[in-house]
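In: Build the 3D model from these lines:
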Amino acid sequence: MKLNCFASRQIRPIRLITKSTQKQRDSRSVCLRVQYHDKSNTEANPKYKILQRTLTNMYSENKGRINAVMLCSPKDAMCTRFIERCNEDEIAAAKVNWHRIPPKEAGPETLKDVQIVVTVRFPAVILQYAEKLEWIQFLGAGIEHSLFPELLAKDIILTNASGVHESPISEHVLGMMLMFARGLHRCVRMQTKHEWNPAPFFNQVTELSGATVGIIGLGAIGGGIARRAKALGMTVIATKRHPETTAPNVDILLPFDNLDTLLKSSDYLVLSAPLTAETRGMIGEAQLRKMKPNAVLINIARGELIQQDALILALNEGWIGGAGLDVTVPEPLPDDSPLWDMPNTIISPHVAGLNPKYGDRAAEIFLHNLKALLENRPAGLINLVDKELGY
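Out: All right, here's what the predicted structure looks like:
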C-alpha cells in the first residue's frame, strides 16, 4: 500500500486516498483519516509519549506472533472477508493469530492473552478480561457507544473505520435526494396501490441541478457527498470544526456556530457529523423552523442528532418538505411511530453504509496500522481516535 507523503508543521488531520494494487485484488479504494504528527514537536507532546510507550510495549512483547480477536458472529460475511484479506497479506499472515469469538462467549480464558481486538462494539466487561490489550480496531466510524470512562483512561490505541463508508453512504444520500426531487417516493407508494395519477407531479418535481445542499460534518462521508453534489451542479455549503482550511467541492465553508446560515440556505440538509455532547439533539424545533418550507432533512449519522418529536411535528405541520432517515431513535423504529406512514418521509433501516467491499476496505486500514505498530512508527498510524473529541 502506498501513501502520499505530506509535510506539515502542525498536528492536524489529513485525508489520504489509498489504492490497492492489482495483486491486492480488484480496484479497491478507501479514504483514510490520518493523525499526522510533526516530529519536531513530539518531545513536548504528552499524548505522543503515551502512544510511543504503547507502541513500544507491543513491539517488544510481540517479536513472535500477535494474538488478535475478532468479536463477531460466526456467520458474519464481512468479518470473514476481513480475516481472509488479512491472511492474504504476507506480513499479517506471518505475525497474527486470529481467534473469532461471538461477543457473548468472550471471557477470561478466551481474552487473557489478546493484544488486539477487532469489533463493531467494545463491551465494557471485556476490558477486565483482556489484560494485555494494546489496540482496538473498530469496524465502524462512530464509536461513541464504546467510549466508556474505564477504556478512555487506559493507554490503549483506538482506531476506527472512518472512510470505508464514503462511497456507499454518499450514494445513499444522493439516492434520497433524487427520490425527493423527482417524486420517486410518491411513485413507490402509488405503485403499491396500483394507482396511475401523474397530475400531482407537475407542481412537485424539481431538479438537483441548481439546488443547494448543506452538509453538517465534512469528514470523509461529507466530502464524498459534496463531490457528488457538485458533479450534479448543486451549490454546496458545509460546516467544519476548522473552517479556515480549504475544502474541495465546497462553495461556502462555515464554522459550526454559524449553523443558521446553512439552515436558511439549504434545499437539502444532510447530517453526517459524529455523535458527541456538542451534536446530540442539535436539530430541534428552533433549527427546523429556520429551514425552508420545501427543504428536505437527511440523516445518515446518528438518530440522536435530531430531536425526533420536533421532527415529527415539523413534518406534520409543513415546516419542512420531507425527511430521509437512515437512523432513528430508537432503533429499530417502533411499529407505531408516525414516521412510518408520513407521505413525506423515506426510511431505510440503518443500511446506508453497507457494501460488498466493506470487509476489504476495513482490512486495509487494519493492515496499514499493523505494519506501523510492528515497525514502531507512531506517526504512521491512521484513523486514530481522539479520545477527547470522541472520534
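In: Tell me who's in contact with the residue lying closest to N344 once chain neighbours are set aside.
Out: Distances taken as C-beta to C-beta, 6 or more residues apart in numbering put G322 closest to N344, at 3.9 Å, once the chain neighbours are dropped. Backbone N, C-alpha and C define where each C-beta goes, glycine included. Going by C-beta atoms under 8 Å, 6 or more residues apart in numbering, G322 touches F180, H185, V296, L297, L315, N344, T345, I346.
In: ditto for R100
Out: V69, M70, C72, P74, C79, I83.
In: and it, what are its bridge partners?
Out: Beta-bridge partners of R100, counted by DSSP bridges, are M70.
In: ok, back up a step: could you find which two of the contacts of G322 are furthest from each other?
Out: Within these, H185 and L297 form the most distant pair, 14.1 Å apart (C-beta to C-beta).
In: who's more crowded, the two?
Out: For H185 versus L297, neighbours defined as other C-beta atoms under 10 Å are more numerous around L297 (26 against 17).
In: my guess is the more buried one contacts M282, does it?
Out: No: using C-beta atoms under 8 Å, L297 makes no contact with M282, being 11.8 Å away.
In: okay, and the common contacts of those two?
Out: With contacts defined as C-beta under 8 Å, 6+ apart, the residues shared by L297 and M282 are I306.
In: Please name whichever of the contacts of R100 scores lowest on pLDDT.
Out: Across the contacts of R100, the smallest pLDDT goes to P74, namely 90.
In: For that one, give me its contacts.
Out: Counting by C-beta under 8 Å, 6+ apart, P74 makes contact with R100, P102.
In: can you tell me the helix or strand for it?
Out: For P74, there is no host helix or strand (DSSP states H and E).
In: quick revisit: list the ones among the contacts of G322 that fall in strands.
Out: Using DSSP state E, the members of the contacts of G322 that fall in strands are V296, L297, T345, I346.
In: In ChimeraX, how would I select the buried members of the residues you listed?
Out: Listed next is the ChimeraX selection for buried residues among the ones in strands among the contacts of G322, using 16 or more other C-beta atoms under 10 Å:
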select :296,297,345,346
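In: Same list (the ones in strands among the contacts of G322) but as JSON lines, adding distance to L139 and pLDDT.
Out: What follows is these, written out as JSON lines (distance: C-beta to C-beta, whole Å; pLDDT from 0 to 100):
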{"residue": "V296", "distance to L139": "30", "pLDDT": "98"}
{"residue": "L297", "distance to L139": "28", "pLDDT": "99"}
{"residue": "T345", "distance to L139": "29", "pLDDT": "98"}
{"residue": "I346", "distance to L139": "26", "pLDDT": "98"}
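In: Export the ones in strands among the contacts of G322 as a markdown table, with columns for distance to R227.
Out: Shown next, in a markdown table, are the ones in strands among the contacts of G322 (distance: C-beta to C-beta, whole Å):
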| residue | distance to R227 |
| --- | --- |
| V296 | 20 |
| L297 | 21 |
| T345 | 26 |
| I346 | 22 |
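In: what's the closest of the ones in strands among the contacts of G322 to G214?
Out: Nearest member of the ones in strands among the contacts of G322 to G214, counting by C-beta to C-beta, is L297, at 9.8 Å.
In: how much space between that closest one and L263?
Out: Computed as C-beta to C-beta, to the nearest Å, the L297 to L263 distance reads 10 Å.
In: any shared contact partners between those two?
Out: Taking C-beta under 8 Å, 6+ apart as the contact rule, L297 and L263 both touch L269, M291.
In: Spell out the residue ranges of the helices in this structure.
Out: Here the chain has its helices, by DSSP state H, at 46-61, 77-88, 90-95, 108-111, 124-129, 149-152, 166-182, 184-192, 220-231, 259-265, 285-290, 308-317, 358-374.
In: mind checking which of these is nearest G142?
Out: helix 220-231 (10.5 Å).
In: pLDDT weak spots in this structure?
Out: By pLDDT under 70, the low-scoring segments of the chain are 1-63.
In: Show me it divided up by domain.
Out: Annotated domains of the chain cover 12-164+355-380, 166-347 [automatic domain parsing].
In: so which of those comes closest to L389?
Out: Taking these one by one with C-beta to C-beta, domain 166-347 is closest: 7.0 Å.
In: Please report the number of neighbouring residues for the residue lying closest to A372 once chain neighbours are set aside.
Out: Spatial nearest neighbour of A372, excluding adjacent residues (C-beta to C-beta, 6+ apart): G380 at 3.5 Å. Applying other C-beta under 10 Å, we find 18 residues neighbouring G380.
In: same thing with K104?
Out: Residues near K104, counting by other C-beta under 10 Å, number 9.
In: Check E278 too.
Out: Counted with other C-beta under 10 Å, E278 comes out at 12.
In: Tell me the spacing between it and P102.
Out: 35 Å.
In: ditto for K95
Out: K95 sits 24 Å away from P102, going by C-beta to C-beta.
In: Work out which residue lies at the spatial centre of this structure.
Out: The centre of the chain sits closest to A141, judged by C-alpha atoms, centre = their mean, with a distance of 3.6 Å.
In: Kindly list the main-chain dihedrals of it?
Out: Main-chain torsions, A141, degrees, to the nearest 10: phi -90, psi -50.
In: who's in contact with it?
Out: Neighbour list for A141: N160, A161, S162, G163, V164, H165, G219, A220, I221, P274, Y391 [criterion: C-beta under 8 Å, 6+ apart].
In: that older thread, adding distance to H242, write the helices of the chain out as JSON lines.
Out: Output for the helices of the chain, formatted as JSON lines (distance: least, C-beta to C-beta, whole Å):
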{"stretch": "helix 46-61", "distance to H242": "18"}
{"stretch": "helix 77-88", "distance to H242": "32"}
{"stretch": "helix 90-95", "distance to H242": "35"}
{"stretch": "helix 108-111", "distance to H242": "39"}
{"stretch": "helix 124-129", "distance to H242": "32"}
{"stretch": "helix 149-152", "distance to H242": "23"}
{"stretch": "helix 166-182", "distance to H242": "20"}
{"stretch": "helix 184-192", "distance to H242": "36"}
{"stretch": "helix 220-231", "distance to H242": "14"}
{"stretch": "helix 259-265", "distance to H242": "16"}
{"stretch": "helix 285-290", "distance to H242": "22"}
{"stretch": "helix 308-317", "distance to H242": "29"}
{"stretch": "helix 358-374", "distance to H242": "23"}
